[in-house]
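A.B. asks: With the input below, show me the fold.
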Amino acid sequence: MEEEVQGAQTEFEGLMSAMPLSSDVKSDRQLESPQKTSRSPSQLASSPSHVDDLHCRYGSFISELHSRHSTELRMWSDKLRERTNERDGALASAQGLEQRAMALQTEADQGQKEVEALKTKHERRMEKMKQDHARNIEKRDKEIKELKKLLKSARCVDGNSHSWTQRRKWGFGNNRRRIGFDDPAANTGSSDDKGSDRSVERENEPNADVEEDCCSESELAVAKTVIARLQHQLQSKDAEIEELTASNAAQASALYAARQETSRLRADRDILEIERSNEAKAIHERYGAVISELQK
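C.D. replies: The predicted structure is shown next:
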């Protein structure tokens, strides 16, 4: 009690010295005796009349000062709480923007990796298709050369594998009536006449001394089978080439779409980076002093 009274006395003395006093207070101070003002704090504390006097004189002022101080304290506390909440919200928004930017960056990197993988796969497939096409062309040229050799020898129509000169020597084919095997009248002559008739008929036949290659019907059938197989292979290769062309077009469109998506993601990432930077600048300009004060 003694310490509280002493502190109140000291505070009141300081306040009263700083504030202008009314005429009543001045007259009361002038009426006070020297013994009363020179009393010790223990004597003042043991004097109930002095405490009552202080309460009567400064009670309303103390209450008003305490009320004003409490009001200002609550106001500044509310302002500080409001700014703290705004700072926390701005920081949360900045963190959300940063997380979104990181997610977009990850998505853009993943899209870039997929584009590179598609590009590599497309290039490998194109290279393989070119090699297969070159091998098929080489194989086809080789088979065509072999087929031309077979067709060159396929000049025979009646299945005999001997040359026309040898057949004429044996008297087969269309030359039988000319040399007299089937004509009874031609057999009545002498052997010299037969030889002369035979020589005349050989001289009158066109290309009588030219040997022509011929083949059997089995060889001709084999050649036709080879031709049919080659045609079927050519049709299959054409269909395969068309399918690969369509697949390459689809892959090219998918690659273009992936590149467009990557470009869009990069643009969104740049926009978010700009927004985050502007938001950080605005937060710093708006709450920089408060944040610095709170961090201290």
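
A.B. asks: Flag the shaky bits of the stretch 1-150 of the chain, pLDDT-wise.
C.D. replies: For the stretch 1-150 of the chain, applying pLDDT under 70 flags the ranges 1-52, 54-55.

A.B. asks: I meant to write the stretch 151-296 of the chain there.
C.D. replies: Ranges of the stretch 151-296 of the chain meeting pLDDT under 70: 151, 153-216, 291-296.

A.B. asks: now the helices: where do they sit in it?
C.D. replies: Taking DSSP state H, counting those that start in this stretch as the criterion, the stretch 151-296 of the chain carries its helices at 164-170, 176-179, 191-204, 217-295.

A.B. asks: Quick one: those helices as JSON lines, columns for mean neighbour count and distance to Glu116 too.
C.D. replies: Glycine gets a C-beta too; all of them are placed from N, C-alpha and C. Below are the helices of the stretch 151-296 of the chain laid out as JSON lines (neighbours: other C-beta atoms under 10 Å; distance: least, C-beta to C-beta, whole Å):
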{"stretch": "helix 164-170", "mean neighbour count": "15", "distance to Glu116": "70"}
{"stretch": "helix 176-179", "mean neighbour count": "15", "distance to Glu116": "80"}
{"stretch": "helix 191-204", "mean neighbour count": "12", "distance to Glu116": "80"}
{"stretch": "helix 217-295", "mean neighbour count": "13", "distance to Glu116": "10"}
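
A.B. asks: which stretch of helix or strand covers Lys113?
C.D. replies: Per DSSP states H and E, Lys113 falls inside helix 48-153.

A.B. asks: which secondary structure elements does that helix contact?
C.D. replies: Judged by 3 or more C-beta pairs under 8 Å, 6 or more residues apart in numbering; DSSP states H and E, helix 48-153 is in contact with helix 2-18, helix 217-295.

A.B. asks: Quick check: which helices or strands does the longest one pack against?
C.D. replies: I take that to be helix 217-295. By 3+ C-beta pairs under 8 Å, 6+ apart, helix 217-295 packs against helix 48-153.

A.B. asks: quick one on the thing from earlier: turn the helices of the stretch 151-296 of the chain into TSV, columns for distance to Arg100.
C.D. replies: Compiled in TSV, the helices of the stretch 151-296 of the chain are given as follows (distance: least, C-beta to C-beta, whole Å):
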stretch	distance to Arg100
helix 164-170	92
helix 176-179	101
helix 191-204	102
helix 217-295	6
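
A.B. asks: do you know which of those helices lies nearest Ala134?
C.D. replies: Closest of the helices of the stretch 151-296 of the chain to Ala134 is helix 217-295, at 12.1 Å (criterion: C-beta to C-beta).

A.B. asks: coming back round to it: quick check: which of the helices of the stretch 151-296 of the chain is nearest to Lys79?
C.D. replies: Across the helices of the stretch 151-296 of the chain, closest to Lys79 is helix 217-295 (C-beta to C-beta), at 9.4 Å.

A.B. asks: rewinding a little: so which of the helices of the stretch 151-296 of the chain is nearest Thr106?
C.D. replies: That would be helix 217-295 among the helices of the stretch 151-296 of the chain, by C-beta to C-beta, at 9.9 Å.

A.B. asks: The closest one vs helix 48-153, what angle?
C.D. replies: 170 degrees (axes from the mean of the first three to the mean of the last three C-alpha atoms, to 10 degrees).

A.B. asks: Let me know which of the helices of the stretch 151-296 of the chain is the nearest to Arg125.
C.D. replies: It's helix 217-295; of these, that one is closest to Arg125 (C-beta to C-beta) at 7.4 Å.

A.B. asks: List the residues that contact Leu80.
C.D. replies: Counting by C-beta atoms under 8 Å, 6 or more residues apart in numbering, Leu80 touches Val290.

A.B. asks: before we move on, back to that, now the helices and strands packed on helix 48-153 in a markdown table, with distance to Arg140?
C.D. replies: Listed next are these as a markdown table, based on distance: least, C-beta to C-beta, whole Å:
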| stretch | distance to Arg140 |
| --- | --- |
| helix 2-18 | 114 |
| helix 217-295 | 7 |
